[in-house]
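>>> From the sequence below, what's the structure:
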Amino acid sequence: MSFRHHCAALLALALFVISSVSIAQDAKKEMSWEQLVKVREESFARLKELQAKAQTVKPAERNELATEFTQIATRLQEEIFPQLTQQVAGQLEKSPNDKTALEIAQEVMQYSYSRNDYPTTKRVSAAILKADPKNDNAVNFSGIASFAEHDFEESNRILNLAKKNGQLLDNLGGRYLETSESYIDYWKKEQAIRAQEDAAEGDKQLPRIKFETSRGDIVIELFENEAPNTVANFVNLVEKKFYDGLKFHRVLPSFMAQGGCPHSKSNPALAGQGGPGYNIKCEAYNPNARRHFSGSLSMAHAGKDTGGSQFFITHLPTPHLDREIAPNSVHTVFGRVIEGLDVARALKKNDDIIKATVIRKRNHEYVPETSPE
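Have a look, this model is predicted:
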């Protein structure tokens, strides 16, 4: 296996090892590109040594090795890779033939994509393509990142060109080629609706709620015009402090983060199976129902008209939930993230909803129509 492949494998392993570790956010020392590259190479070499040594020592000695492995991996994730991410595009532009910079850029691109950091994925993939236009992964990641950032015309252009040049990968950009074209029109319609919402005044303004989470704050505007009962239910539950202390019990990268199950606090083994004790009807089948874009707030359910308290927030537009594609798996979109999309995309399984608060609502009671479970 090449050093590059060792690096990629070790990086993936390191991120897995520290995925659940709580890390203090201390000020980090700024380093030059050369210093960062040196630390990265030394770190990967040492991780490789520790991985090999762990196969030969007694079980009791592996704890020390695991501690050192975690320390090195933590520094890579929290100090070295963030700085490499900031510098790599400029380094590639300055030295397009720098093989180390290109290798690191590809690591950063895949690392950012795995963390739903689409702005960074888009920026770094563009830098890679300037240095290496034939890089298949970069073309596909660039198309997906543009899709995630609602630049559907650019996504469609990139992915069509990738197909023409034989660079389109079925498991990456190929999943978005057709829908990138249809979403051009969907997005124009959505932007027109949002412009009207932004211009609303007084009691015509849409309700808003804020989630204070263990990752940061998320502010969501609720689509009362298109999903009034779903919004009434959500506001009602927030005001009853139903969501306070619950967890995001299900997180699927490049898709969504799901929360709202009371079992996530009281009985984690059953997380995903609970609700408020009643059901509400889906409003996803209405002619004016909204679509899933990046940061959409949508109802989770176990079938039509079985929603209650569980919801999910999308990392990017989700064509597979469109009524044209999956008419039997439609979910009611009833809001969108207006602040903290980066926080929503960074949520991990079992992150906490510390507190949910209604910060704006219309001048009427929010009482949902419900049915027995």
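>>> Do a quick rundown of the helices in the stretch 51-200 of the chain.
Using DSSP state H, counting those that start in this stretch, the helices assigned to the stretch 51-200 of the chain run over residues 62-75, 81-94, 99-114, 118-131, 136-148, 152-164, 177-199.
>>> List the residues that contact the nearest residue to Ile184 once chain neighbours are set aside.
Distances taken as CB to CB, 6 or more residues apart in numbering place Phe152 nearest to Ile184, at 4.6 Å, with adjacent residues excluded. For every residue, glycine as well, the C-beta is placed using N, CA and C. Phe152 makes contact with Ser146, Ser180, Glu181, Tyr183, Ile184, Tyr186, Trp187, according to CB atoms under 8 Å, 6 or more residues apart in numbering.
>>> how near is the third one to Arg157?
This means Glu181. 10 Å (CB to CB, to the nearest Å).
>>> The first one now?
Noted for Ser146: a distance of 9 Å to Arg157, by CB to CB.
>>> Of the two, which one has the most company?
Set Ser146 next to Arg157 and count neighbours by other CB atoms under 10 Å: Ser146 wins out with 25 against 14.
>>> In contact with the residue nearest to the more buried one when sequence neighbours are not counted, which residues?
Sequence neighbours aside, Ser155 is the residue nearest to Ser146 in space, at 3.9 Å (criterion: CB to CB, 6+ apart). Going by CB under 8 Å, 6+ apart, Ser155 touches Gly143, Ile144, Ser146, Phe147, Tyr176, Ser180.
>>> just the helices of the stretch 51-200 of the chain: most buried one?
helix 136-148 (a mean of 25; mean count of other CB atoms under 10 Å).
>>> would CSV of the helices of the stretch 51-200 of the chain with mean pLDDT be doable?
Formatted as CSV, the helices of the stretch 51-200 of the chain follow (pLDDT from 0 to 100):
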stretch, mean pLDDT
helix 62-75, 93
helix 81-94, 95
helix 99-114, 95
helix 118-131, 97
helix 136-148, 98
helix 152-164, 98
helix 177-199, 97
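>>> out of those, nearest to Asp351?
helix 99-114 (16.8 Å; CB to CB).
>>> Name the residues that touch the closest one?
In contact with helix 99-114 (CB under 8 Å, 6+ apart) are residues 4, 7-8, 11, 15, 37, 40, 81, 84-85, 88-89, 91-92, 95, 118, 120-121, 124-125, 127-128, 131-132, 135, 137-138, 141, 144-145, 253-254.
>>> at 6 Å instead, please
4, 84-85, 88, 91-92, 120-121, 124-125, 128, 131, 141 (CB atoms under 6 Å, 6 or more residues apart in numbering).
>>> circling back to that earlier point, with Pro319 as the reference, name the closest of the helices of the stretch 51-200 of the chain.
helix 177-199 (3.9 Å).
>>> where are the low-confidence patches of this structure?
1-28 (pLDDT under 70).
>>> In it, what residue spans correspond to strands?
Using DSSP state E, the strands assigned to the chain run over residues 208-213, 216-222, 247-248, 250-252, 256-259, 296-299, 311-314, 333-339, 351-360.
>>> which ones are touching the residue in the chain sticking out farthest from the centre?
In terms of distance from the mean C-alpha position of the chain, Lys58 ranks first, at 39.6 Å (CA atoms, centre = their mean). By CB under 6 Å, 6+ apart, no residues touch Lys58.
>>> Look up phi and psi at it.
Backbone torsions for Lys58, taken as degrees, to the nearest 10, come to phi -70, psi 150.
>>> what about it, distance to Glu64?
Computed as CB to CB, the Lys58 to Glu64 distance reads 11 Å.
>>> ditto for Ile184
Counting by CB to CB, the gap from Ile184 to Glu64 is 56 Å.
>>> same check, this time on Thr179
Taking CB to CB, one finds Thr179 at 50 Å from Glu64.
>>> With Glu226 instead?
Distance from Glu226 to Glu64, counting by CB to CB: 58 Å.
>>> Show me the helices in the stretch 251-373 of the chain, by range?
Along the stretch 251-373 of the chain, counting by DSSP H, counting those that start in this stretch, helices occupy 263-266, 341-346.
>>> Out of these, which is the most enclosed?
Of all the helices of the stretch 251-373 of the chain, helix 341-346 carries the top mean neighbour count, a mean of 21, counting by mean count of other CB under 10 Å.
>>> from the chain's centre, how far out does that one sit?
In terms of CA atoms, centre = their mean, to the nearest Å, the centre of helix 341-346 is set 6 Å apart from its chain centre.
>>> same question, stretch 99-114
When C-alpha coordinates are averaged (CA atoms, centre = their mean), stretch 99-114 and its chain have centres 18 Å apart.
>>> do stretch 93-106 as well
When C-alpha coordinates are averaged (CA atoms, centre = their mean), stretch 93-106 and its chain have centres 27 Å apart.
>>> just stretch 126-145 next, same as before
Averaged over its C-alpha atoms, stretch 126-145 has a centre that lies 20 Å from its chain's centre (CA atoms, centre = their mean).
>>> again with stretch 262-278
23 Å.
>>> Would you indicate which residues of it are buried?
For stretch 262-278, burial by neighbour count (16 or more other CB atoms under 10 Å) applies to Pro262, His263, Ser264, Lys265, Ala271, Gly272, Gly274, Gly275, Pro276.
>>> hang on, isn't the second one packed against Leu270?
To tie it back to what came earlier, the one meant is His263. Yes. Using CB atoms under 6 Å, His263 is in contact with Leu270, at 4.1 Å.
>>> if we can go back for a sec, using TSV, lay out the strands of the chain together with mean neighbour count and distance to Tyr111.
Converted to TSV, these look like this (neighbours: other CB atoms under 10 Å; distance: least, CB to CB, whole Å):
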stretch	mean neighbour count	distance to Tyr111
strand 208-213	21	22
strand 216-222	21	20
strand 247-248	24	21
strand 250-252	17	17
strand 256-259	26	19
strand 296-299	26	25
strand 311-314	26	21
strand 333-339	22	23
strand 351-360	17	20
